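Colleague: give me a model of this one.
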Amino acid sequence: MRKWMIGMIAAVLTVVGGGYVYTGYASGDFCRLDGNNVCYDANNEVFKVEDRSKITIALPSKAMEDWFLDQFYLTHPGHTVNFDFRIIENLSAQQALDLGVDIFYTDTHQAALLFDRLTPFDSRIDRNASTEGIVQFTEIINMDDVLFRPFSYQGLLFVYNKTMLEALGYDVSTVTDTNLPQIFSRWEDLIELAREWRSVPHIYNQKEINIVFPLTFEEKWQFYPFLTAGDWHMFEDNDATQAGFDQENFLASLNFLKTLGEVTWDYSAQPKDDWLYEKVINEQIAPFGMAGPWMFVDQIEGLKSVDYVFSAFPTYQDKQLKPLVIVTGLVALKNEAPSLTQEILRILSLPQATQTALDTTKKILVIARDQIGNFEMSDNRRQMSLAFTYSEIEPIVALPQNTAKLGFDFYLEADFMNILKSVYKQQLTPLEAQQQFIDLYQSWLSENNR
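Modeller: Alright, predicted model coming up:
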């Protein structure tokens, strides 16, 4: 798998060949800053810096730049470094190369494209940091060295309208570790609720609520968590020729979809394939839905006196459903000032850097589950940071004979949503659907793996 990933990197972005190579790591007064060595001051637990060096850093806010400079010169008084700052939240691989940026934030896929140019984080940076709930975001790119430090999330999460549920008489005061109401922590609970929903009118804000959860087949990316209900995860063996559609776990996920289709989730006159997740937030049409950081949830809560709660997805048969998420992280390209680079990475990895980012950006930050309570942030951001730890990134596995193509491209390109919809509508059995997925992937693989 490592060979396929690196091959994909070389094929897609040939400009990354070359660059600086340095491997010297030393400590104490005998370490010479010569453009090759990384020198560590063990007494003060900082890295020494190459004076008069030039380095370009992209940060997500001007306040983070100001904070960084204060920290740097407090630690290294009297040193002169030519810092060139760019205020850019997220750079692609090509943008970073075109702009000549040395240290920046990018997502996992873009970082993979720069794999051969990335500088490993020194092992003394964040050496005791917790990774509870977030290690899955870096398992592939950090398989040998730490090249990518997760920073922020973007994606859709499960959300529920606490105000509505309380007004309808449900006690949601007791929550699970995943922030779901104890009484609605499983899809089995929501299925039972949906079956009961029509028997008694549910009136909230002087209107009848006819939707429990607005399930839609409109968009593939947001649908992924439903395919993990059987504990199935695409390319779990990191082999792009084996997507896993033949596994019992995938069949179990299709059986879950069939079970969902045996229940009416939407008793309204709305077209059943409409995308209604924004309306769950904007118009309060259902107690449960999906929402993302861009949906102005905070503002709507203030305007409408409603409390939305973000959480992990409910489980099914004790298995956790996991949505996809885009994770952005801190990376550094190899350059002529390796020791200075490590010191910059050390400072930007401090807890104070995380708090500064929380205070000066609107990003949802990647924080280990057991550390979320140590930072000041709004309730919604805290809930989202926790909920995103129950998600996963797109697999970064390239086809063996066409390393410019990722196996996950099948999920984005292939026409299979009608298969899933047919299972949901009881028009196709899970076994029949599974075979169609197997055949569809083999056809796609034959066409693209060459």
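
Colleague: whichever strand or helix holds Ala357 packs against which elements?
Modeller: Per DSSP states H and E, Ala357 falls inside helix 351-360. Packing partners of helix 351-360 (3 or more CB pairs under 8 Å, 6 or more residues apart in numbering; DSSP states H and E): helix 62-75, strand 364-365. (Each C-beta comes from the backbone N, C-alpha and C, glycine too.)

Colleague: highest average neighbour count across the ones you listed?
Modeller: Of all those, strand 364-365 has the most neighbours on average by mean count of other CB atoms under 10 Å, namely a mean of 23.

Colleague: show me what that strand is packed against.
Modeller: Looks like strand 364-365 contacts strand 149-155, helix 351-360, helix 379-388 (3+ CB pairs under 8 Å, 6+ apart).

Colleague: tell me the strands beside the shortest one, with direction?
Modeller: The reference is to strand 149-155. strand 325-332 (antiparallel), strand 364-365 (antiparallel) (DSSP bridges).

Colleague: quick one: average pLDDT of that strand?
Modeller: What strand 149-155 shows for mean pLDDT is 97.

Colleague: name the residues that touch that strand?
Modeller: With contacts defined as CB atoms under 8 Å, 6 or more residues apart in numbering, strand 149-155 is touched by 105, 121, 126, 134, 137-138, 292-293, 323-331, 345, 349, 357, 363-366, 384-385, 388, 391.

Colleague: circling back: would JSON lines of the strands paired with strand 149-155 with distance to Glu301 and mean pLDDT be doable?
Modeller: Listed next are these as JSON lines, based on distance: least, CB to CB, whole Å; pLDDT from 0 to 100:
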{"stretch": "strand 325-332", "distance to Glu301": "23", "mean pLDDT": "97"}
{"stretch": "strand 364-365", "distance to Glu301": "16", "mean pLDDT": "98"}
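
Colleague: would TSV of those with distance to Ile300 be doable?
Modeller: Output for these, formatted as TSV (distance: least, CB to CB, whole Å):
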stretch	distance to Ile300
strand 325-332	22
strand 364-365	17
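
Colleague: for the chain, where's the lowest mean pLDDT among helices and strands?
Modeller: Lowest mean confidence among the helices and strands of the chain (mean pLDDT, DSSP states H and E): helix 2-12, at a mean of 43.

Colleague: where does Phe39 fall, phi/psi-wise?
Modeller: Just so we're on the same page, residue 39 is Cys rather than Phe. Note on Cys39: its backbone torsions stand at phi -110, psi 130 [degrees, to the nearest 10].

Colleague: contacts only, for the closest residue to it other than its chain neighbours.
Modeller: Nearest residue to Cys39, sequence neighbours excluded (CB to CB, 6 or more residues apart in numbering): Cys31, at 3.6 Å. Shown in contact with Cys31 (CB under 8 Å, 6+ apart): 37, 39-40, 48.

Colleague: quick check: Cys31 vs Ala332, distance?
Modeller: Distance, Cys31 to Ala332, using CB to CB, to the nearest Å: 19 Å.

Colleague: tell me the centre residue of the protein?
Modeller: The residue lying closest to the centre of the chain (CA atoms, centre = their mean) is Val325, at 3.1 Å.

Colleague: show me what that one is bridged to.
Modeller: Going by DSSP bridges, Val325 forms beta bridges with Gly155.

Colleague: separation between it and Phe148?
Modeller: For Val325 relative to Phe148 (CB to CB), the value is 14 Å.

Colleague: quick one, helices of the stretch 251-400 of the chain?
Modeller: 277-282, 297-304, 338-348, 351-360, 379-388 (DSSP state H, counting those that start in this stretch).

Colleague: redo those as a markdown table? Include mean neighbour count, distance to Ser53 and mean pLDDT.
Modeller: As requested, those are exported to a markdown table (neighbours: other CB atoms under 10 Å; distance: least, CB to CB, whole Å; pLDDT from 0 to 100):
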| stretch | mean neighbour count | distance to Ser53 | mean pLDDT |
| --- | --- | --- | --- |
| helix 277-282 | 19 | 48 | 95 |
| helix 297-304 | 14 | 41 | 95 |
| helix 338-348 | 25 | 5 | 98 |
| helix 351-360 | 17 | 21 | 97 |
| helix 379-388 | 22 | 35 | 98 |
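
Colleague: so which of those helices comes closest to Leu165?
Modeller: Closest approach to Leu165 among the helices of the stretch 251-400 of the chain is made by helix 277-282 (12.7 Å; CB to CB).

Colleague: what is the mean pLDDT for the longest helix seen in the chain?
Modeller: Criterion DSSP state H: the longest helix present in the chain is helix 430-448. The average pLDDT for helix 430-448 rounds to 98.

Colleague: just checking, what packs against it?
Modeller: Judged by 3+ CB pairs under 8 Å, 6+ apart, the packing partners of helix 430-448 are helix 248-261, helix 409-413, helix 417-424.

Colleague: looking at the ones you listed, which is nearest to Ala353?
Modeller: Ala353 lies closest to helix 409-413 among those, at 33.5 Å (CB to CB).
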